[in-house]
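K.L.:
The following comprises the amino acid sequence and a computationally predicted model.
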Amino acid sequence: MGWFNLKSQSERRQVEREDLWTVCPGCKAHVFREEWSKGLNVCPKCGFHDRITFQQRIDLLIDGGTFDELNAHIGTSDPLRFSDAKGPYAEKSAAAQKETGMREAVVTGRGRIHGTPVVVAIMDFRFLGGSLGSGTGEKILLSAEYALKHRLPCVIVSASGGARMHEGILSLMQMAKTCAGLSRLHRAGVPYISILTHPTTGGVSASYAMVGDVNIAEPGVMIGFAGRRVIEQTIKQKLPDDFQTAEYLLAHGFIDCIAKRAEMKDLLHRILAYWNRK
Amino acid sequence: MGWFNLKSQSERRQVEREDLWTVCPGCKAHVFREEWSKGLNVCPKCGFHDRITFQQRIDLLIDGGTFDELNAHIGTSDPLRFSDAKGPYAEKSAAAQKETGMREAVVTGRGRIHGTPVVVAIMDFRFLGGSLGSGTGEKILLSAEYALKHRLPCVIVSASGGARMHEGILSLMQMAKTCAGLSRLHRAGVPYISILTHPTTGGVSASYAMVGDVNIAEPGVMIGFAGRRVIEQTIKQKLPDDFQTAEYLLAHGFIDCIAKRAEMKDLLHRILAYWNRK
Amino acid sequence: MDLEFEKEIVEVERRIAELNRLNADPKANFDAEIAELTKKLEALRRSVYAGLSPWQTVQIARHKDRPLLQDYIAGMFREFIELHGDRCYADDRGIIGGFARLDKRRVMLIGHQKGRTVEENIKANFGMANPDGYRKALRLMKLAEKYGLPVVTLIDTPGAYPGMEAEARGQAEAIARNLTEMSALEVPVVAVITGEGGSGGAIGIGVGDAVLMLSNAIYSVISPEGCASILWRDGSQAPRAAEALKLTAPSLLELGIIDEIVPEPPGGAHRDHKAVMAALRDALLRHLRALASLSPRKLVERRYEKYTRMGRRDARAERRARRHEKR
Amino acid sequence: MDLEFEKEIVEVERRIAELNRLNADPKANFDAEIAELTKKLEALRRSVYAGLSPWQTVQIARHKDRPLLQDYIAGMFREFIELHGDRCYADDRGIIGGFARLDKRRVMLIGHQKGRTVEENIKANFGMANPDGYRKALRLMKLAEKYGLPVVTLIDTPGAYPGMEAEARGQAEAIARNLTEMSALEVPVVAVITGEGGSGGAIGIGVGDAVLMLSNAIYSVISPEGCASILWRDGSQAPRAAEALKLTAPSLLELGIIDEIVPEPPGGAHRDHKAVMAALRDALLRHLRALASLSPRKLVERRYEKYTRMGRRDARAERRARRHEKR
Ligand SMILES: [Zn+2]
Ligand SMILES: [Zn+2]
């Protein structure tokens, strides 16, 4: 058996392994892919709550068959005709759309949580890192407006690296736009629950993700305004390990509760029962 | 000249000295009594803002001849028939009334500040340490209610060691009572300016003194919730020198501005000009 | 550490326990003795607890076996979803709160947390909250207002924490702000003094449409020890100060400060958590039912009238107090 | 440290100064030369500043001699009563505010504070505010609402401070809260980007009924350097990023993000503080006058419409941007 044969055999094994196994981003443990999916992408070894798709999140939170998508037609826009080293933003977003089957980084709709009707907006990190573009902001805003009109609780599940630079200042404006919508909801006494998943940072953490009546985080997830590296460069010291984790934010007063993925739906349902709609 | 003669001469000199001089409680410097009074009880050496009487404060803040006292009839009450090692509270408060010519630790009324009509409540530390009794609370509340009724800005000058223990729980209730009055004032959009003088501590700092639209302190004065000694006993360490000073509270976000006694009236007038009464 | 005035009670309790142990032997029969001692015990509890001095009440109110917030949460409420944090600086452990169900009524529950063990007590700072605790309480009250939920507060604190950081972060401001906002909160507030009602730290979450008090709880502007060391210049005069301060439930009812006394079983709440919780649950539900019928506007008006009447010269409260004196 | 593209301007300025110095001698007469050079200088300033690239604008916007908040306070406002503190944790020096008079109009003035000297800059944290700064700003806006005062914000920050303590105290929450509350503030808000409008740190006090921008200011979701290092993986590509981000005043006007450009004198605001302040004062007064006639309800409605329209698919802003592209 020659050297090249050995190599190709080992290569083949690795491919098989990658098919069968998933490597946990938290603890680097190898977990059977089947077990991984059955466990809702939560590592059975370390409890890391890995990203899931919007469809998995819908299945997790919304009663089967009750989800009606709203504003599905809204996609990305390219107000700046932005182009960077890797080419035009328009191509990038088209590729993201093709890859994910989504038109924007968030899917919105109405549905039921153990029978309770809600409006829900679910971000998906696969779509350009869950970045906050104009379309994302628009769909979040329209969710809040729909919730206001129908007096339904609004639930937003965040997963985002922050603002979408390719839309420049218009991305920044989505922070003000979404918060304006939630402000109206708040003044009208309609509940807004924010669910923060891995990661929720930058412009999304500094807008709608942080102003829930109740802010719920999945365990261990990263939540913060500035990036870890930027902060370390600024203050010229290493940050503690638990910095910007859900647990850190809870201890510092910004997160109401931490709930495991499998318990999230029940918790939401129990919380929404405390609203005395008038 | 015998020894006894010498002694009596020195004693006489000391009496004369005490008549002519005042010892600054801040820096222990000797200051001519006349200079001291002319300087509004502010030490010319160290700038310490010593206590002044309600009458001096009225003269300082209110246009001459415009002060009309309100609720002058309200005095102390003795709901618990309280008595301690030094005898009955009733006797103590009667003595305080006789000594100060006041019936309670606060004098309230309406007057003008450079022509602007205001309601003013002025505490005087001489009256039982400016403690918050039921009569004090009542007069503060009635000031707030008068200000609300006539839509006049309300100015409260605090100087207090805290709650008046001799009135027990009723003293504590004055905190809720006065804040209820100020809350109404606030909701009606009528200004309330709090002036904190030496010292403003305990139950007074934890009620009306701290919730001004603008909190103004005289320089160097002591402001705090718990007493310095209690804190040192609790945390078992020495406190920094500037702890609980006006400057410390400004740096920690609780005081809007610090104004010297001589500049207080002008500052008040300038601030009240920013209110657009509708 | 038994209390001096409880010694006789504890002795009889001990003997009953001993006989019960012996009675486990099928050959033994101490039923008659046990029955007699039990009768005696009940009479003893009644007589001792009927004649408690204010200072003895202080000791009961601080008793380590008295039900604490976590006991009420576990034993009296059907659900508790804790909500953490003041959205500003920290999640204080001296005051905790969250959504809770009392029977079928949903409420926002807020209370002081003390510990039973040393570790628990260090974590909860011995029930002495920081400004962050008062700010968290206010945030939760505002959330209750938005959701149309009544607020229930359980008060049991020696006082707000007198620490350097607490001062730096504005203990005074936090309490003052709460008093100001609670006076105008547009949902019912029922406050219960379950143990120690310590001064500003107590009223900081204690402005209520109804203020209830367990029969052996205390509520005071200052601790008897503190009062004694200032006014008697002698901390050992605390019993006299406790007497003078009128800090017991019956005195406070007479003074118009509290609205109702929730009776503890003879022998005190620490002897029978279940009994005191049953009584408190009934009282709470009764008040919550009554307050639920009032409009937000009416609620705020009533609360304003209630608190602004306190210590009003020539007010009913003072006259009541005098009548009480003459008896 | 002169800017590369200003070299010629600076050289002429230097020569004029030199001639003026020589001209002080009664025997000398360089009047003609000075007049000619002055004419040349003006033409030069106009031509250089008319053709600035976005990256050059970034450098002007950050110029150390540009008027800072303290210059506007001293030179444009007739009074300033600083109000300190967030009533919670600190008095941040990266954002300051207080009552101020602009001509005869009384306003609540809030702005980022940068320093000119190193000491000043350290104190002001280089204009990068902490959460306490944003919370102070909100407190002052709420006070303005109570007093019926319009709010004027002057924006000049590289961004909100990315520090460990800032994260611990909730930089994200503070900005999010401000955006939420400013959208419903019942008094007029006029925001002015005077220098650097750095991302969340800028919009954190930048939600306005009218948003003005000095002609050489910038406003961006990220610094060109940051953008370049992420999207080009090369910080030196900042000029290209500056171009792509459309961060200059004319681009932002086209995009419908700002409402008006306040012209700086030729040569930039750093060459003539008085001129830019006169222009800004006029613009501010005009907007304040117009907004004063609107009811609180109308104001809030308009502001909601304004911000919720931004980046709306098929919205006017996008169409405008495309039209701009085609030119
Ligand atoms: Zn793992
Ligand atoms: Zn002195």
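P.N.:
Everything's here; your move. Ligands and ions are numbered 1, 2, ... in the order given.
K.L.:
Run through the residues that contact the closest residue to ligand 1 within the stretch 51-200 of chain A.
P.N.:
When distances are taken as CB to the ion, the stretch 51-200 of chain A approaches ligand 1 most closely through A:H198, which lies 12.5 Å from it. The C-beta positions use only the backbone N, C-alpha and C, and glycine is treated the same way. The neighbourhood of A:H198, defined by CB atoms under 8 Å, 6 or more residues apart in numbering or on different chains, consists of A:49-51, A:125, A:159, A:218, A:220-222.
K.L.:
now the residues you listed in TSV, with distance to D:T38?
P.N.:
Below are the contacts of A:H198 laid out as TSV (distance: CB to CB, whole Å):
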residue	distance to D:T38
A:H49	68
A:D50	68
A:R51	64
A:F125	59
A:A159	60
A:E218	67
A:G220	67
A:V221	63
A:M222	59
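K.L.:
Identify, from the residues you listed, the entry nearest to chain D.
P.N.:
Each of these was checked against chain D using CB to the nearest CB; the closest is A:M222, at 11.4 Å.
K.L.:
three-state assignment of A:V120?
P.N.:
strand (DSSP: H, G, I helix; E, B strand; the rest coil).
K.L.:
Leaving out chain neighbours, which residue sits closest to it?
P.N.:
A:V155 (4.8 Å; CB to CB, 6 or more residues apart in numbering or on different chains).
K.L.:
what about the one you found, helix or strand, and which?
P.N.:
Taking DSSP states H and E as the definition, A:V155 sits inside strand A:154-160.
K.L.:
That strand pairs with which strands, parallel or anti?
P.N.:
Listed by DSSP bridges, the sheet partners of strand A:154-160 and their directions read strand A:116-123 (parallel), strand A:192-201 (parallel).
K.L.:
any idea which of those is most buried?
P.N.:
Per-stretch averages of neighbours, counted by mean count of other CB atoms under 10 Å in any protein chain shown, single out strand A:192-201 among the strands paired with strand A:154-160, with a mean of 26.
K.L.:
C-terminal to that strand, what's the next element?
P.N.:
Along the chain past strand A:192-201, the next helix or strand (assigned with DSSP H and E) turns out to be helix A:202-205.
K.L.:
closest point of the stretch 1-150 of chain C to ligand 1, which residue?
P.N.:
When distances are taken as CB to the ion, the stretch 1-150 of chain C approaches ligand 1 most closely through C:H84, which lies 25.3 Å from it.
K.L.:
isn't that residue right up against A:I255?
P.N.:
Yes. Taking contacts as CB atoms under 8 Å, C:H84 lies within contact range of A:I255: 6.6 Å.
K.L.:
who's more crowded, the two?
P.N.:
Set C:H84 next to A:I255 and count neighbours by other CB atoms under 10 Å in any protein chain shown: A:I255 wins out with 28 against 25.
K.L.:
Distance of C:R240 relative to chain A?
P.N.:
The spacing between C:R240 and chain A, counted by CB to the nearest CB, to the nearest Å, is 43 Å.
K.L.:
In space, what's closest to the closest residue to ligand 2 within the stretch 151-300 of chain C - neighbours in sequence excluded?
P.N.:
Per CB to the ion, C:E167 is where the stretch 151-300 of chain C lies closest to ligand 2, at 24.9 Å. Of all residues beyond its chain neighbours, the one nearest C:E167 is B:G224 (5.6 Å), with distances taken as CB to CB, 6+ apart.
K.L.:
And for that neighbour, the neighbour number?
P.N.:
With neighbours defined by other CB under 10 Å, the count for B:G224 comes to 23.
K.L.:
That one against B:G203, yeah?
P.N.:
No. With contact defined as CB under 8 Å, B:G224 does not reach B:G203; the gap is 11.8 Å.
K.L.:
Greatest separation within the contacts of A:H198: which pair is it?
P.N.:
Pairwise distances among the contacts of A:H198 were taken by CB to CB; the largest, 15.4 Å, belongs to A:F125 and A:G220.
K.L.:
Comparing those two, which residue is more hemmed in?
P.N.:
For A:F125 versus A:G220, neighbours defined as other CB under 10 Å are more numerous around A:F125 (22 against 18).
K.L.:
can I get the strands paired with strand A:154-160 in JSON lines with mean pLDDT?
P.N.:
JSON lines is the format used below for the strands paired with strand A:154-160 (pLDDT from 0 to 100):
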{"stretch": "strand A:116-123", "mean pLDDT": "98"}
{"stretch": "strand A:192-201", "mean pLDDT": "98"}
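K.L.:
Helix or strand: which one has residue 173?
P.N.:
No chain in the question, so chain A it is. With the criterion set as DSSP H and E, the secondary-structure element containing A:M173 is helix A:168-187.
K.L.:
Please refer instead to chain C.
P.N.:
Taking DSSP H and E as the criterion, C:E173 maps to helix C:171-182.
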